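> Quick one: sequence and predicted model below, then my questions.
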Amino acid sequence: MDNDFRIMVVDDERIVREAIASHVLWGKYGISVVKTAANAIEALTYLEEYEVDLMLVDIMMPIMNGIELLKIVKSRYADIDFIILSGHAEFKFARDAIQYRAKDYLLKPLNEETLIDTVLRCRDERSKQQFIDTIRQKPVFSKLLSDKPEKYNYSQNVNKVLQIVDDEIANEKLSLKWICSHKLFLNENYLCKIFQKEVKQKFTSYLLERRMLLAMQLLTNDLDVLITDVAQATGFGYNSQYFSSVFKKYTGYTPTEYRKYIKDIKEHKK
């Protein structure tokens, strides 16, 4: 119930309220009619205590019409979406509904299939936007979106380490020990200390971050890239399952989920 898409029906005709609330099997779509209201005052009173995702509102009601209710609700609860219901096929009503960002304008008598499709579209659009907002708020995604690389004044040895990481990132054996043994021929403990002092993080954390950012870039730039190819390119070899596990732990998403959300973002920008 807590994860359901919550809708409220506001209509002065009881038969309409009951038809929408009871005759449609909303539960199988993950939707709940949490409130039916006979007028705008009843609806506004409910909203003072409870949350609603979508309101289906009749345009012609006593006390306050649907457009007036829409204006008030939008000023107080901007995230609530609206579908206007009307028995009047007049352009002015439709124009006013669009002006105040109603999701749709449905004519009575309502067609059940059209009603369900419209509510599901509103639910899916809301879900997609929530995905987009969530992923944009993640620090890892912010780093990916940054066009300007961060620059620091590191010592020569640390700069060499950073360059080796970029050059050898697909190398499964890459580690500070490997770098000391095969590239720089320095004391590992010494290099570990100066790296952590200058970069402000352990080498293992830095390497993981670089690999995950590269994985995100590959998944972002090519929506058809194989997960196995991304795993190999980021130093996980042929162990794509382990790569997926690490990626989810780091980003909060599996590679497949992440790619889907990136696709949603790109489509949202069109």
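Yep, that arrived. Predicted model only: the values in this text are computed from it and were never measured. Numbering: from 1, shown residues only.
> Following the lowest-mean-pLDDT helix or strand in the chain in sequence, what is the next regular element?
Least confident helix or strand, the chain: helix 139-145 with a mean of 59, by mean pLDDT, DSSP states H and E. Once the chain leaves helix 139-145, the next helix or strand it forms, by DSSP states H and E, is helix 156-168.
> which of the residues in that next one are buried?
For helix 156-168, the neighbour count (16 or more other Cβ atoms under 10 Å) marks 158, 160-162, 164-165, 168 as buried. Just so you know, the C-beta spots here come from the backbone N, C-alpha and C atoms, and that holds for glycine as well.
> What are the buried residues along stretch 195-210?
Buried residues in stretch 195-210, defined by neighbour count with 16+ other Cβ under 10 Å: 195, 198-199, 203, 206-208, 210.
> for stretch 31-40, same thing?
For stretch 31-40, the buried set under the neighbour-count rule, 16+ other Cβ under 10 Å, comprises 31-40.
> Which one of those residues is nearest to Met64?
Nearest to Met64 among the buried residues of stretch 31-40 is Ala40, at 3.8 Å by Cβ to Cβ.
> any idea where the helices of the stretch 51-200 of the chain begin and end?
For the stretch 51-200 of the chain, applying DSSP state H, counting those that start in this stretch gives helices covering 66-76, 91-99, 112-137, 139-145, 156-168, 176-179, 188-199.
> of all those helices, which lies closest to Lys263?
helix 112-137 (10.2 Å).
> Domains in this protein, by residue range?
Split into domains by automatic domain parsing, the chain comes to 5-127, 139-269.
> Quick one: distance of the shortest one to the chain centre.
Pointing back at domain 5-127 there. 24 Å (Cα atoms, centre = their mean, to the nearest Å).
> what pLDDT, on average, does that domain get?
Mean per-residue pLDDT for domain 5-127: 89.
> quick one: the residue of the chain most remote from its centre from Gln163, how far?
Note on the chain: the largest C-alpha distance from the chain mean falls to Phe185, namely 45.9 Å (Cα atoms, centre = their mean). The gap separating Phe185 from Gln163 is 16 Å, by Cβ to Cβ, to the nearest Å.
> just Leu174 next, same as before
When distance is defined by Cβ to Cβ, Leu174 is 13 Å away from Gln163.
> Please apply the same query to Thr234.
Between Thr234 and Gln163 the distance is 17 Å, computed by Cβ to Cβ.
> swap in Ala19?
Ala19 is 69 Å from Gln163, by Cβ to Cβ.
> what do you get for Leu176?
Distance, Leu176 to Gln163, by Cβ to Cβ: 14 Å.
> same deal with Pro255?
According to Cβ to Cβ, Pro255 stands 27 Å off from Gln163.
> any weak-confidence spans in the stretch 101-250 of the chain?
Low-confidence segments of the stretch 101-250 of the chain (pLDDT under 70): 131-132, 134-152.
> The same query, at a cut-off of 50, please.
147-149 (pLDDT under 50).
> so who does the closest residue to Ile63 other than its chain neighbours touch?
Closest residue to Ile63 apart from its sequence neighbours, by Cβ to Cβ, 6 or more residues apart in numbering: Asn39 at 5.1 Å. Contacts here follow Cβ atoms under 8 Å, 6 or more residues apart in numbering; on that basis Asn39 touches 10, 12, 61-64.
> Just the ones in strands from these, please.
Mapping those onto strands (DSSP state E) picks out Val10.
> Columns distance to Thr45 on top of the contacts of Asn39, output as JSON lines?
Output for those, formatted as JSON lines (distance: Cβ to Cβ, whole Å):
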{"residue": "Val10", "distance to Thr45": "12"}
{"residue": "Asp12", "distance to Thr45": "16"}
{"residue": "Met61", "distance to Thr45": "15"}
{"residue": "Pro62", "distance to Thr45": "16"}
{"residue": "Ile63", "distance to Thr45": "12"}
{"residue": "Met64", "distance to Thr45": "12"}
